[in-house]
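1. Got a predicted model here, sequence first, then my questions.
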Amino acid sequence: MSRTENIKFSYQEIDDPDELVPSDKELLDMARKAAKNAYAPYSRFKVGAALRLESGKIILGANVENAAFPSGICAERTAISNASSNYPGDKPVALAIAALTGEGYSDEIVSPCGNCRQVIAEEESRYGNNIRIILSSRKKIWIIEKGGDLLPLQFSKDHLRSALR
Ligand SMILES: [Zn+2]
């Protein structure tokens, strides 16, 4: 016996940043500013992330590339590692992401890579709350209410539990 299962995923599309609620607009503006601090001499694709913590603090991240490519790190994980190291226990509640190319903010919506999706999912599991994800291009914004939705069938601590018994 076999059957096909479906995983449903929804997001909100917004055409104008001015339609965002003020806290999301602020976070996106900060992600856009953070992109300017990226060190991306190889890809010239500068990504900024702004992570809002439950206390209201906003932690910025930008990608940091390296001539040894795997040694580089993405903007999202830079912000999350910074928050985790400096404000442990202060839950991340929202993450905005923006990218700068040679011609200004990206034409396409930029979405986290697989590694970052895994790290976002772990933060949600660690603190037991959803992280609202705000993705952007020059013109459009997508809002995803739960970061883990970007990584269906994600690997988690539950998979390790049987090994740790
Ligand atoms: Zn990434």
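-> The structure has been received and is ready for your questions. Predicted, not measured: the structure shown is a model, and the values here were computed from it.
2. Next, count neighbours for residue 14.
-> By other CB atoms under 10 Å, 16 other residues sit near residue 14. (Glycine included, C-beta is placed from N, CA and C.)
3. in the sheet, who's paired with the residue nearest to it when sequence neighbours are not counted?
-> Sequence neighbours aside, residue 141 is the residue nearest to residue 14 in space, at 4.3 Å (criterion: CB to CB, 6 or more residues apart in numbering). On the basis of DSSP bridges, residue 141 is bridged to residue 14, residue 136.
4. Could you tell me the phi and psi values at residue 48?
-> phi -120, psi 140 (degrees, to the nearest 10).
5. Show me what it is bridged to.
-> Bridge pairing for residue 48 - DSSP bridges - gives residue 62, residue 98.
6. That one contacts residue 75, doesn't it?
-> Yes: if you go by CB atoms under 8 Å, residue 48 and residue 75 touch, sitting 5.5 Å apart.
7. Between these two, which contacts overlap?
-> Listed contacts common to residue 48 and residue 75 are 31, 34-35, 38, 61-62, 97; contacts here mean CB atoms under 8 Å, 6 or more residues apart in numbering.
8. Show the overlap between these and what lies near the ion.
-> By CB under 5 Å from the ion, no member of the shared contacts of residue 48 and residue 75 lies near the ion.
9. hmm, back to that, would you mind listing the residues in contact with the residue nearest to residue 14?
-> 13-15, 17, 20, 28, 109, 134-135 are the contacts of residue 141 under CB under 8 Å, 6+ apart.
10. how far away is it from residue 54?
-> Look at residue 141 and residue 54: by CB to CB, to the nearest Å, they are 22 Å apart.
11. Residue 70 now?
-> 32 Å.
12. same check, this time on residue 9
-> Relative to residue 54, and taking CB to CB, residue 9 is found at 25 Å.
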